[in-house]
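Asks: Sequence and predicted structure below; questions after.
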Amino acid sequence: MKKNIPHFSEKSLNLEDRIALVNSVYQKLGFVNRKSLMQAYDLSQIEAGSLMRDFIHAHAKNLEWDLQKGHYKIKDQYSI
């Protein structure tokens with residue numbers, strides 16, 4: 001599932017594309033966290049954290065953090 005993003009930076013992709021990257025991982029795994037983004041796209045923790053921040057900001061009202069599993073999931077009544 002690795003998809004290297006050449007020259008990834010906050011400025012290299014617009015916000016919509018950044019959120020779409022996270023959403024793509026969520027759709028494949030059914031959850032998302034920084035580690036899943038790091039593995040999927042070969043990112044650093046800082047880069048993955050930046051993507052997560054954008055995703056969380058865009059979907060904050062519809063996300064749940066699973067403390068035991070350490071990832072975010074969309075609340076049951078919502079879909080992305």
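Replies: All right, it came through fine.
Asks: Apart from its neighbours in sequence, what residue is nearest residue 52?
Replies: Leaving aside its chain neighbours, residue 52 sits nearest to residue 34 (5.4 Å; criterion: CB to CB, 6 or more residues apart in numbering). C-betas here are computed from N, CA, C, even on glycine.
Asks: where do the strands sit along the protein?
Replies: All strands of the chain, identified by DSSP state E, fall at 63-66, 71-74.
Asks: give me the low-pLDDT residue ranges for this protein?
Replies: Per-residue confidence for the chain (pLDDT under 70) gives these ranges: 1-11, 77-80.
Asks: cutoff 80 now
Replies: Applying pLDDT under 80 to the chain flags residues 1-12, 76-80.
Asks: residues contacting residue 36?
Replies: 25, 29, 71 (CB atoms under 8 Å, 6 or more residues apart in numbering).
Asks: how about the helices in this protein?
Replies: Ranges of helices in the chain, per DSSP state H, are 15-29, 34-41, 45-59.
Asks: Flag every buried residue along the shortest one.
Replies: The reference is to helix 34-41. Using 16 or more other CB atoms under 10 Å as the test for burial, helix 34-41 gives 34, 36-38, 40-41.
Asks: closest to residue 75 among those?
Replies: Taking CB to CB as the measure, residue 75 lies nearest residue 36 of those, at 18.6 Å.
Asks: Skipping adjacent residues, who's closest to the residue nearest in space to the middle of the chain in space?
Replies: Closest residue to the average C-alpha location of the chain: residue 22 at 3.1 Å, with CA atoms, centre = their mean. Leaving aside its sequence neighbours, residue 22 sits nearest to residue 55 (CB to CB, 6+ apart; 3.9 Å).
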